[in-house]
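In: Kindly generate the corresponding structure for this input.
(one chain, ligands or ions: 1)
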Amino acid sequence: MGYKLPVNSRRVVIVGSGFAGFCLARSLDRLLASSAKSPLEVTLISPSAAASLSPLLPGVLSGWVEPWQMRLPLREALRRVRWMVGRAVHVDPEARRVSFDGPGVQTGCDPASLPFDDLVFACGTATDHQGVRGAQERCLPFRSLDDALRIRNRVSEVLEAASGEDSSRRRRALCTLVIVGSDPRACSAALELARRFRLVAPMFPRLEPGDPHVVLVSPEPQLCAAWGPDGSRFAKAQLDRAGVEVRSEARIESVADDHVVVVTPNGSERLDARTVVWTPSSAPSLCVARWSAAPLEQGRLRVDELLRVSGADCLYAIGDSAAGPASGLAAPCSPARAARNAGWLAAALFDRACGRTPRSIVGKPWIDPVLLDRDHGLAMVGARCIDGRAGAWLSRRLMIRHMPGLRRRAAVRVAWTLVCHVPSAENDPSRLQPAHQTLYLTPPPAPVTGGD
Ligand SMILES: Cc1cc2nc3c(=O)[nH]c(=O)nc-3n(C[C@H](O)[C@H](O)[C@H](O)COP(=O)(O)OP(=O)(O)OC[C@H]3O[C@@H](n4cnc5c(N)ncnc54)[C@H](O)[C@@H]3O)c2cc1C
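Out: Residues are numbered from 1 along each chain as shown. Below is the predicted model of the structure:
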């Protein structure tokens, strides 16, 4: 059963409801609300009924971000854009159909395949274990809220286990967390996990001060390289201050149950650690990987200055899915770039549906902040990199701006003001205990049956 369209409406499908997909859907929702006609019929394919503000996920690790603050119910946020829960598994640009798989649809749509005139990939990238032995089976991924809660709970578990351990070597191995990656996601995860250790460790008096230990294994010589030498220096200084041990230009050779082998320019070494968090994600997302003609650069789709996927005039990509002049492959996509491109693309799709020529949308936002931890961030303002509290404040502001609803924005603002400025709010026992994972876990995706 196909779905009925107003005559002459262009059908736009958005794949993915991360920060980029959500911003695009919201912008289109607003444009549709402001228009008397309905020139577009927009459908968002989302793995769950809530969008995720993924830049806030590291905050979930330490507890200053609560899951409700970064999960945005689509029902609350979208009025004119329809959404369906599922995962796109195959895109056929010739037939202009996308197949998807999932528990169901919101309204009477074809559950297996959806026609489109324009399709936007906003599905990010997938974790890439780079063929490292043992990585896929043993490393914890860090992509979603479920992953963040699992890692947060693991910290509590290892501390419990270590506090009952007499051998100092085994204790330290239990309490050593290894994070792999060099971008803001990896640095933030390391900083927030170090903060969680600091907050929770006093509850475990049998642990020695040096036992809880975070190691960042960075394949690149510079951390957060896209934020320039100043940004890299600042990120490294924050990690040093937080007591995170940084191994630069290092790669993981293998991951075993109780250790990892790290290769650095000085040789290889064995690091006793039971928990490894793997962040590098340069593999294409499932539906992109299944499109054999996809023009890929490190798992992202190459786009032109109109965010059109090279060689396919009905396909677009934004956010982490896109590589090219508008997103800047050398600089990984940032939340501000994702939001800006989403706004521009919404206007371009709308213009095109109304018969107007879309404007060129290449360019970077003037202010480009990223959050490193609760109190520290980096912000490119023009060509200058501002770091510290100003960077963090700008990042938090950007996130709040994109949340739906006055009441939600006000509640988040109050909660973050408290947690940032009132020390006892951070030591609130409800933040320190393991997360109630089952409340937030989304069901595992159903086995993929559609597609090619
Ligand atoms: C865990 C994590 C932590 C991060 N931390 C930081 C940080 O601290 N600082 C920073 O600046 N940036 C961070 N980022 C990066 C930042 O969030 C992104 O650069 C930016 O928000 C753009 O994201 P996106 O929407 O393109 O991709 P994502 O946020 O990865 O969202 C992609 C969405 O698409 C969905 N999806 C994937 N495949 C399919 C499919 N086949 N069908 C339907 N849906 C699909 C995914 O489930 C996901 O919800 C982080 C990203 C992640 C994932």
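In: Can you pull the residues of the stretch 101-250 of the chain lying near the ligand?
Out: Applying Cβ under 6 Å from any ligand atom, one finds that the stretch 101-250 of the chain approaches the ligand through 122-124, 142-143, 184-185, 188. To be clear about C-beta, it is placed using only N, CA and C from the backbone, and glycine gets the same treatment.
In: Once you drop chain neighbours, what's closest to the closest residue to the ligand within the stretch 51-200 of the chain?
Out: Per Cβ to the nearest ligand atom, Gly124 is where the stretch 51-200 of the chain lies closest to the ligand, at 2.6 Å. Of all residues not flanking Gly124 in the chain, Asp320 sits nearest, at 4.2 Å (Cβ to Cβ, 6 or more residues apart in numbering).
In: you'd agree Val13 is in a strand?
Out: Yes: secondary structure of Val13 (DSSP: H, G, I helix; E, B strand; the rest coil): part of a strand.
In: is it true that it touches Leu40?
Out: No: the pair Val13 and Leu40 fails to qualify as a contact (Cβ atoms under 8 Å) at a distance of 10.9 Å.
In: Could you point out which residue ranges in this protein have low pLDDT?
Out: Scanning the chain for pLDDT under 70 picks out 1-8, 103-111, 326-332, 359-364, 425-426, 429-452.
In: Give me the most central residue, it.
Out: The structure's the chain has its C-alpha centroid closest to Ser54; by Cα atoms, centre = their mean the separation is 3.6 Å.
In: quick one: stretch 267-281 to chain centroid distance?
Out: How far stretch 267-281 lies from its chain's middle: 21 Å, per Cα atoms, centre = their mean, to the nearest Å.
In: One more: stretch 238-252?
Out: 21 Å.
In: By proximity to the ligand, which residue of the stretch 351-452 of the chain wins?
Out: When distances are taken as Cβ to the nearest ligand atom, the stretch 351-452 of the chain reaches nearest to the ligand at Val370, 3.3 Å away.
In: ok so that residue is a strand residue?
Out: Yes: per three-state DSSP, Val370 lies within a strand segment.
In: residue in the stretch 251-400 of the chain nearest to the ligand?
Out: Closest to the ligand within the stretch 251-400 of the chain is Gly319: 2.2 Å, counting by Cβ to the nearest ligand atom.
In: Chain neighbours aside, what residue packs nearest to that residue?
Out: Ala20 (2.6 Å).
In: Run a quick neighbour tally on the one you found.
Out: Neighbour count of Ala20, defined by other Cβ atoms under 10 Å: 31.
In: Wait, it touches Ala338, no?
Out: Yes: in this structure, Ala20 is within contact of Ala338 by Cβ under 8 Å, at 3.9 Å.
In: shared neighbours, these two?
Out: Listed contacts common to Ala20 and Ala338 are 318-320; contacts here mean Cβ atoms under 8 Å, 6 or more residues apart in numbering.
In: which residues in the stretch 51-200 of the chain form helices?
Out: 57-62, 67-70, 74-77, 135-138, 145-163, 168-175, 184-200 (DSSP state H, counting those that start in this stretch).
In: actually the stretch 301-450 of the chain, sorry about that
Out: Using DSSP H, counting those that start in this stretch, helices in the stretch 301-450 of the chain cover 335-353, 389-401, 406-421, 423-426, 429-432, 437-440.
In: could those helices go into JSON lines alongside mean neighbour count and distance to the ligand?
Out: Output for the helices of the stretch 301-450 of the chain, formatted as JSON lines (neighbours: other Cβ atoms under 10 Å; distance: least, Cβ to the nearest ligand atom, whole Å):
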{"stretch": "helix 335-353", "mean neighbour count": "23", "distance to the ligand": "4"}
{"stretch": "helix 389-401", "mean neighbour count": "19", "distance to the ligand": "7"}
{"stretch": "helix 406-421", "mean neighbour count": "14", "distance to the ligand": "15"}
{"stretch": "helix 423-426", "mean neighbour count": "12", "distance to the ligand": "19"}
{"stretch": "helix 429-432", "mean neighbour count": "12", "distance to the ligand": "19"}
{"stretch": "helix 437-440", "mean neighbour count": "12", "distance to the ligand": "14"}
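In: unless I'm mixing things up, the residue of the stretch 351-452 of the chain closest to the ligand is touching Gly377, no?
Out: Yes: contact criterion Cβ under 8 Å: Val370 and Gly377 qualify, at 6.0 Å.
In: who touches both of those two?
Out: Residues within reach of Val370 and of Gly377 at once, by Cβ under 8 Å, 6+ apart, are 391, 395.
In: could you list every residue that touches the closest residue in space to Cys23 that isn't next to it in sequence?
Out: Sequence neighbours aside, Ala342 is the residue nearest to Cys23 in space, at 3.6 Å (criterion: Cβ to Cβ, 6+ apart). Ala342 makes contact with 20-21, 23-24, 27, 122, 318-319, according to Cβ under 8 Å, 6+ apart.
In: can we see that at 10 Å?
Out: Residues near Ala342 by Cβ atoms under 10 Å, 6 or more residues apart in numbering: 14, 19-28, 120, 122, 307, 318-319, 402.
In: Could you list which of the residues you listed belong to strands?
Out: Among the contacts of Ala342, the members falling in strands (DSSP state E) are 14, 120.
In: Now, of the contacts of Ala342, which are buried?
Out: Neighbour-count burial (16 or more other Cβ atoms under 10 Å) is assigned, among those, to 14, 19-28, 120, 122, 307, 318-319, 402.
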